[in-house]
Every structure is written in structure tokens, then in C-alpha cells.
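Q: Below are the sequence and a predicted model; questions follow.
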Amino acid sequence: MVPEAEQATMVVDDVGPRNVGIEVSTEERNVRLTGTVVVDEGAKLFRLYSKSSMYAFCVDPVGRIEHLYWGKALPPTDELTYLSFSQGPAKLQRAAVAKKYLRAKPSATALVSNDASGSDTERGNDLADSDSSMDGGPPNCSERAPSPQRVESALAEDDSSAGAHRDTINALGINNLQDLLDAGSIFRAQIDTSTNIKCPLPWENPRTFLGEWAGAATFGKPAKLLEFGEGNTGDYRSPSFELQFHDGGRVCPFRYRSHRVIPGKPSMKNANGTLPELHTNAKDATTVVVTLVIEKSFLECDLVYTVFSDIDAIARRVVLRNTTIHPVLVEKLMSATVDFHTFDSFFLTHLSGSWANERGIVSKELSMGRVCIESCRGTSSHQHNPFAALSAGQPREEDGEVYGMALVYSGNFVAEADMCENGRVRLQMGINPTNFEWELQPNEIFESPECVLVFSDSGLTGMSHQFHNLFRNHLFPKQFQDTVCPVLINTWEAMYFDTTYANVMSLAKRAAKSGVEMLVVDDGWFGARDDATSSLGDWYVNNEKLPEGLAMLAKNINDLGMHFGLWVEPELVSQKSRLYQAHPDWILHKPDIDKDSADGDFVLDLTRTDVQKYLIECMSSIFESANIEYVKWDMNSHITEIYSDHVAPSAQGKVYHQYCMGLYRVLRTLTSRFPRIRFETCCGGGGRFDAGMLHYSPQIWTSDNTDATSRLFIQHGTSLLYPPSCISAHISSVPNHQTLRISSFKYRFLVSLFGSLGLELNITTIEEEECAELSMYLQLYKALSPIIHEGDFYRLWNPVEQKQRCAWMSYHQGRGEAVVAAFLLTSDPGHYLPRLRLKGLDPAATYQVEEIIPSTAAHNVQTGRIEACPAPIYKLGKKSITASGRTLMNAGLPIHLIYDGDTAAFYIRDSARKM
Ligand code: DGJ
């Protein structure tokens, strides 16, 4: 067998610098490099090639992992170490000098402040490096021209080189300290008192010296771009990790020890359970594991990077191994840290909102200081999403570089953007350190959740495409990849808790006639559940409502030609329930403090294996009891009074994460035990819409707000990183139950078309005519959804920026087909809309553009009134037009949307393709 490291070398050699001869073009080479890791063993430089971008880092002279580059792919022949901070000409390590100064005779050492290069002030910030002794040693100054840029090299720390220092300084014509100070920034020198440099008086007093210059530690070293930033050694940026040793020490200088490259992606088996993760194979990805160690304590840590060949993405995680003989307290461990060089301005983009208004796009300019996007609620939350993106300047939809990060995790998270004094920004993401503490015993391992890094040089659209493809190809449960969920009708807004057999069956019969493919019984079918105050936990059928039982109900639904699905909310228990009476200790609570239970329910303690086991068995028996093919897994609470009776008092800091791990265990067991069941996860609407959940459920309930206009905003924001297929989008009744807004059937359909379409309405109450309309829409959905679910999604008009309008498009390159929909939210009479310019098409191809649902209303030009028309009204004047991709993308479609809620939709096909 070939050892892992050698296998890696083979991968590298096959495509690496040595084999890249003149006969291989840059493009060809980049294609061959995608999904590989090129390691320059000499320089300890790692280049991670994804589809068309590259991520590079190196080991610095001290042994830290220094970030070099993230962006478009660069040739492997280019030596990138010149980007390294460590290579810079001016590296003053004041604190180290200060220490020496105190140790040595005051008059024997002088601190000289300057950087004759003058320009590179960033380098001057690398001041307080306590590891100077490991700093690779001084270069041989005699080989170097005595230029100002070489001053630092000449002024090495080795006393024996004092003569050379002197020579260099003399050659520079610098005769005293002030000359050096005047010349620019800073470097370090140890200068013999016999030199002709005279120290100004204050320096001769060690105290003054420390106060003023070892104060460099206050100044910090937030200049180096790092992959894993430590605290407590002079870098005052938000650290990547915080640890406490048994002696109370918090100084943890992790340094490079080794690395190995592995084809594919090793699974996350060290996570104290199973964390959700991206899946891939040896052909599509390569992983590099960089092992670091804290020299004296022997604590080890792996930085794990997996680079994908088909997408501009890298998955990162960190594994901590306690190889010491004492426990180590982990207080913070970010999954990924990226330090960015300065841009003229940095913008942070994230998704924030509230219940019924989830995931609005927020972009703000960063200024010095730290911005945290976080959840402390036990779920990823309605308020913030585990996602953040940085861009140079305000992010643009179509162009510009965007760097996105998403955490594959469903619990408390934090995304930190920390801009330090020199304008550089650290972006990192991981488990929220608030309420987190993990004591790692000797020989124990802690693995962080995975964090996905995505690069786009085509703005937010490009970033979305990378995330969409990544989640579709590498995250969704494999058996549901490239499948469209059957069109379903959910009973919630149709009957709420009144889920009687008669109600469900009459809904099902009418739905079946309209072409609905699945019925999902939502809340209210179990225990004594007539409202939200009871019965969670009592997962047995309510015989009064459903005397036929679940099996018979499912069969009767199946007999109508429909699949059957069921709602459950396993993580909660009602105070009024048999389960709670039997196991009052099974909840998360602090026994001596009254639990706040406004809704009469509690969160089960999923840190407990007995509770996990109970849920697995209880749910399994329900799922086995009937032909259930779909499960909506709800969770209508955030976690409060975090405390587990089952966890030692000193280990309560583990509870939030262990809850999440417990939930993942339950979901993993059930989804693998019932692979045919398609899960939809939900959390009081969209309160747990994250990449962690997508590992188990290929779709997530997006929001409790089903109003089409609200959904335009919610789905628009959600699309920033989540593909349309996982966005559950149901057509609901009018007036809408959350907003009382009335919108047309067509408008509601088109909003749902760009998601996983379902119905959330009492179909038995709608007119025959509307039923026919619905049937037509469902047929359209069946025909168009593969284009939307597998295609590239474009946000053509942004409802937030453009206020009164929104437009979306999906283009499936392989099929040469596109679907476009435009919505007018509020009309502005007398004012024309801009032409709708399409995106992503082949400029040279010819397309047929067909309006799929023509309007039935038009302006009466005599009176100015908008009137219903018997004949279809086409926005382009006719049913279809033919135009080149170039024309459609540059000239666009002149569509006249005239009233509030007016819409237009088009099906576009490359004329050269066969139908
Ligand atoms: C919250 C969900 O978001 C709704 O769709 C519905 O399932 C209710 N819970 C039921 O209690």
C-alpha cells in the first residue's frame, strides 16, 4: 500500500510544477490542478486548487500557518512566499528586544526604531513576537547590498553579527538613532555600545523603555495573515481558539509539526458523535491535514482543508487532540479563520431577520472593531444565519470578488469580522463560545463543525452558484439529490389542529383531483393535541380525530394516488403530556429554578443517550406504523434555562453542543433507518435553516409567513446560499393568514415555483375555476421545476434595493432552458419599469422566449382603468419572440407590469436544442 503522504505526492507530481512544461497551457494546467493540493516541501507552501480559484498558505519561520492568498487560481510555478509577512524587510520584535534589554545590561542593547524602506508599515506591526528565537535566524547580511531594505537583515539578533550591523549602519550613513527613527517604520537591532549609535536618554532606563516600547505588546502584532490565530502572545485580534491549561495558563503557541495530503475527504469521526458534513469522493477532492503542536505541552491540533474540484469551495475544520497528561479546557474553537489583506473598504454581508421575516440580506461597511453575527438560542435561529461574506466594497450582484463562509452546524454559532488597526480583517466562524466550555481529558479529541469557504469573482451571484452546487452535489442526502419533492398539500393552514379523518380525507380528495402528489398531516393528529399547550411527547394517534389510525389513513391517501407524510415535533415535551408526567427529569432545566414555559412545553434533554434512544425508538415505531414517505420535523422553541441534570456541574458548558450532537445522532439514525422517507426540517418556520440540517433533509420549511410578497423577500435572501430546491414554498390562501394580504393565484404560484412547491390552503373551499387554474400550475411546476432545481439561479431585480419590484431567473445550461418570473410589488402609475435583462445565457445562441401565463388584465386606454380581459394579454405583445442570448442579456425584455401584484413569467429555450 502506498502511504498517504506518498499518494499525495503522486497527485502533486502528476500535475505539479515540475511536470508543467511549455507544452501545457495555463488553462489546461489549471483544469488538471483542480481539486488538488500542491505542496512546495521546501518552502512549506500549500496551494489548494479548487475549480478555478486557489487558496494558499505557508509555514512561517516561527511555525505559524500564514495565510498567503485566496482568489483566482495562480500558476503553481509562481513562488508565492514573497507574499509572506515574514519575508519582509522590516521586522521589529520590540517585546522580545525589551525582554532582552531587561535581561542584559541596559547600555548593551539598544532598540532602534525605523524601517528604511518606509513604505511597508504593515511589517512594522509584527512587533511583539515572543517567538523571535525561533525566527529562522538572520540572513547573511554580507551577501546583501547595504540598501535601506536590508537594514532589518543586517540588524539580526545574533550578538556575533554586531560588527556586520555596524558596517551596514555605517554604509547607510545612519549615525544615530534619530536618523533611523526619521527614516520610516521600525526594525529591531541589538547594537554593541561600541557602535557610534548613541541611545537617547529615556532608553537607558529600563522602566521607561518597557513602558514606551515593550508597550509594543499593546500595539500588538495584528499584521500577519494567519490561518489559526492565537491569543495571549501579542496578537489582539479575536483568536481562533482559547484554551486553558491545568495550571491556569492560556498561552498556546501552536506551531507546525507535519502535514499529510489525502485523496478525497476523511470523514469526521472525531466529533464525539457525528457531525453533518459534506460528502465527496477521492476523485472530486483532496484533503490536506496540517498538524500543529504546542511544543512544551504537546497539545496537538489538525487544521483540515478539503478542496473540491467541481466547485470553488474549501471545507475546513479543526481537530484538537489532548496528548498531554492533564485536562485542557477548550473555551473557543473556530472552524475556520481567514485573515484578509486590506481592501479600500470591506463590506460584510449576512442574513438576518426575525420570525416570519427570516434571512434578509444585510450588507454593511466594516470599520475598526469587531462585528459578531451569532445565535445563542440553541438553534441557528430566525435572527441570524450561519453565513457571512466579505467583499471589497459594497457587494455587487454580478461582479466583484466575494468570499463566503457557511457553517455546517445547527446550534449556537458565531461569525466574527474583526477589523484591526491596520485595516486588515479577520473573518472566522465556529461554535459560539458564549456558554461553551469543553474540558478535553487526556487522549480525548474535539472536532469542530465543518465550515465551507466559497470564492466568487462574479459577485453575489457567483457565490450563490458555488454554494448551491456545493449543497446540491455534496451535502443533500444522496438518495434525494437531483429529485424533485412530490407536490404536497400540508394540513396546517387548511385546518390547524382540527386534523380529523373527515377533514383530512376531503382535503386529500380535492387535492388529488388537482394533481397534488402528497398529503402531509401537520400538527394535531396525536395525544390530546387540540392546541399548542399539550401532548408533545405523546406520539400516539388521537383516536377521536383519526379513528382509522395512521396506517389506514395513509392507505386511503395512497389509494387516491398520493403519498402520505406526517408532522412530528420530537425535541419538545408538553407539561401536559404523559411523557412529562413519566419523565419530568428528561428536560433541559435547572431543577432549583422554576422553568419558564410560556407555551407549556419544554425542550427534551438530548444530551442524554436514554432520551435519544427513546426518541429514536418512538419515532421509528411511528414511521413503521404506516406507509409514511415524508416527515416534517418541527421544533418550535429556542432553548432556555440551559442545564442538564445529567451532566456534571463542571461540564455544563458542553450542553448546547451536546444537545446538537444528540439531535444529529437521532436524525442520522432515523434517516439511515428510513432512507425512503424524505425529511423536511422546520423550526417555528425558518429558525433552523442551515447547512447542518440540509445534510439530513433536502428541504427546510422556510418561514411561518406564507404571504407571497413577504416570501419574495424571504426567499430572495435565502437564495444567497441555499438552492431553490431546499426552500419549501407553499401557496397559501387569501387573505393570507399572517398578513391578510390578497394576491393573485398566479403571483402566489410564481413565488412558490422558485422553491419546493406545496400547498398550505383549504383546497376544499376554493372555486372549481381556481381548482382548474391550480391543476394547470401544478403541471407547469412539474415541467419547469427540474430547470429551477438543477439550474443556476439569478436574482435579476432585488426587492430590497429596487423596492417595488423583484425578478428571478433559473438557467439550466445542460438543457439550454430557462424560467423567468417578474413581480411588481407596488405600482407607480405613469412610470415604466426598466427592461428586464436576462443573465447567464449563451450570447451566441438563439432563444425562443415564451410567456407562459399571459395576463388577464389590461389598461383600458380610453378610461385609464385596469380591466379584466377575456383574451390573453402578452407583455411582449405576442406569445413568443426569438432573440439571441446577447440581445436578451443586453437589451432585455420590456415588460409592463401595471398594478400591485402584477407578474410575468417566461419559459426560454435554446432554439438549437431538441425538445
Ligand atoms: C410551526 C411550523 O412552522 C408550522 O408550519 C406548523 O407546522 C406549526 N409549527 C405546527 O405547530
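A: Sure thing, it's come through.

Q: Can you list the low-confidence ranges for the protein?
A: Applying pLDDT under 70 to the chain flags residues 1-31, 86-222, 272, 596-598.

Q: anything in stretch 726-735 near the ligand?
A: No: Stretch 726-735 lies out of reach of the ligand by CB under 6 Å from any ligand atom, never closer than 8.8 Å. To be clear about C-beta, it is placed using only N, CA and C from the backbone, and glycine gets the same treatment.

Q: now stretch 708-719
A: No: Stretch 708-719 does not reach the ligand (CB under 6 Å from any ligand atom); its nearest approach is 12.8 Å.

Q: ok, and what's touching that stretch?
A: If you take CB atoms under 8 Å, 6 or more residues apart in numbering as the criterion, stretch 708-719 is touched by 351, 353, 356-361, 464, 686, 689, 702-703, 705, 724, 727, 729, 731-732, 736, 738-739, 741, 743, 747-748, 751-752, 754-755, 793, 795, 798-800, 806, 808, 823, 825, 901.

Q: Among those, which are located in strands?
A: Within the contacts of stretch 708-719, residues falling in strands by DSSP state E are 351, 353, 357-361, 727, 729, 731-732, 793, 795, 806, 808, 823.

Q: Between those residues, which sits nearest Ile294?
A: Each of the ones in strands among the contacts of stretch 708-719 was checked against Ile294 using CB to CB; the closest is Leu351, at 36.5 Å.

Q: Now do the closest one against Ser297, distance only.
A: Per CB to CB, to the nearest Å, Leu351 is found 39 Å from Ser297.

Q: do Cys683 as well
A: 40 Å.

Q: who's more crowded, those two?
A: Remark: of Cys683 and Ser297, Cys683 carries more neighbours, 29 against 21, as counted by other CB atoms under 10 Å.

Q: Restricting to C-alpha, output the helix ranked longest in the chain in PDB.
A: Of all the segments assigned as helix in the chain under DSSP state H, the longest by residue count is helix 768-790. The C-alpha coordinates for helix 768-790 follow below in PDB (Å, rounded to 0.1, in the frame of the first residue of the first chain):
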ATOM      1  CA  GLU A 768     -63.900  24.900  -9.400                       C
ATOM      2  CA  GLU A 769     -62.400  27.500 -11.700                       C
ATOM      3  CA  GLU A 770     -59.500  28.100  -9.300                       C
ATOM      4  CA  CYS A 771     -59.000  24.300  -9.000                       C
ATOM      5  CA  ALA A 772     -58.600  24.100 -12.700                       C
ATOM      6  CA  GLU A 773     -56.100  27.000 -12.600                       C
ATOM      7  CA  LEU A 774     -54.300  25.200  -9.800                       C
ATOM      8  CA  SER A 775     -54.100  22.000 -11.900                       C
ATOM      9  CA  MET A 776     -52.600  24.000 -14.800                       C
ATOM     10  CA  TYR A 777     -50.000  25.500 -12.400                       C
ATOM     11  CA  LEU A 778     -49.100  22.100 -11.000                       C
ATOM     12  CA  GLN A 779     -48.500  20.700 -14.400                       C
ATOM     13  CA  LEU A 780     -46.300  23.700 -15.200                       C
ATOM     14  CA  TYR A 781     -44.400  23.100 -12.000                       C
ATOM     15  CA  LYS A 782     -43.700  19.500 -12.900                       C
ATOM     16  CA  ALA A 783     -42.400  20.600 -16.200                       C
ATOM     17  CA  LEU A 784     -40.300  23.600 -15.000                       C
ATOM     18  CA  SER A 785     -39.000  22.500 -11.600                       C
ATOM     19  CA  PRO A 786     -36.100  20.500 -12.900                       C
ATOM     20  CA  ILE A 787     -34.800  23.600 -14.700                       C
ATOM     21  CA  ILE A 788     -35.200  25.600 -11.500                       C
ATOM     22  CA  HIS A 789     -33.900  22.900  -9.100                       C
ATOM     23  CA  GLU A 790     -30.800  22.000 -11.100                       C
END
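
Q: Which strands and helices lie in contact with it?
A: helix 501-514, helix 745-753, strand 756-760, strand 805-812, strand 817-824 (3 or more CB pairs under 8 Å, 6 or more residues apart in numbering; DSSP states H and E).

Q: got a list of what the residue nearest to Gly755 when sequence neighbours are not counted touches?
A: Using CB to CB, 6 or more residues apart in numbering and skipping residues adjacent in sequence, the residue nearest Gly755 is Ala729, 2.9 Å away. By CB under 8 Å, 6+ apart, the contact list for Ala729 reads Thr702, Arg711, Gln715, Val751, Ser752, Leu753, Phe754, Gly755, Ser756, Leu757, Gly758.

Q: Which one of the ones in strands among the contacts of stretch 708-719 is nearest to Ser534?
A: Relative to Ser534, the closest of the ones in strands among the contacts of stretch 708-719 is Ser732; by CB to CB it sits at 26.1 Å.

Q: Any idea how many residues pack against the nearest residue to that closest one once chain neighbours are set aside?
A: In space, and not counting its chain neighbours, Ser732 is closest to Thr706: 3.7 Å by CB to CB, 6+ apart. Using other CB under 10 Å, Thr706 is surrounded by 29 other residues.

Q: Write out the residues of the stretch 601-750 of the chain neighbouring the ligand.
A: Residues of the stretch 601-750 of the chain lying near the ligand (CB under 6 Å from any ligand atom): Asp634, Asn636, Cys682, Gly684, Gly685, Trp701, Asp704.

Q: Please convert these to a markdown table, extending it with neighbour count and distance to Val289.
A: Formatted as a markdown table, these follow (neighbours: other CB atoms under 10 Å; distance: CB to CB, whole Å):
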| residue | neighbour count | distance to Val289 |
| --- | --- | --- |
| Asp634 | 24 | 38 |
| Asn636 | 18 | 40 |
| Cys682 | 27 | 36 |
| Gly684 | 20 | 39 |
| Gly685 | 24 | 39 |
| Trp701 | 28 | 37 |
| Asp704 | 21 | 42 |
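
Q: Distance to Leu694 added to these, as CSV?
A: Below are those laid out as CSV (distance: CB to CB, whole Å):
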residue, distance to Leu694
Asp634, 16
Asn636, 20
Cys682, 13
Gly684, 18
Gly685, 17
Trp701, 13
Asp704, 19
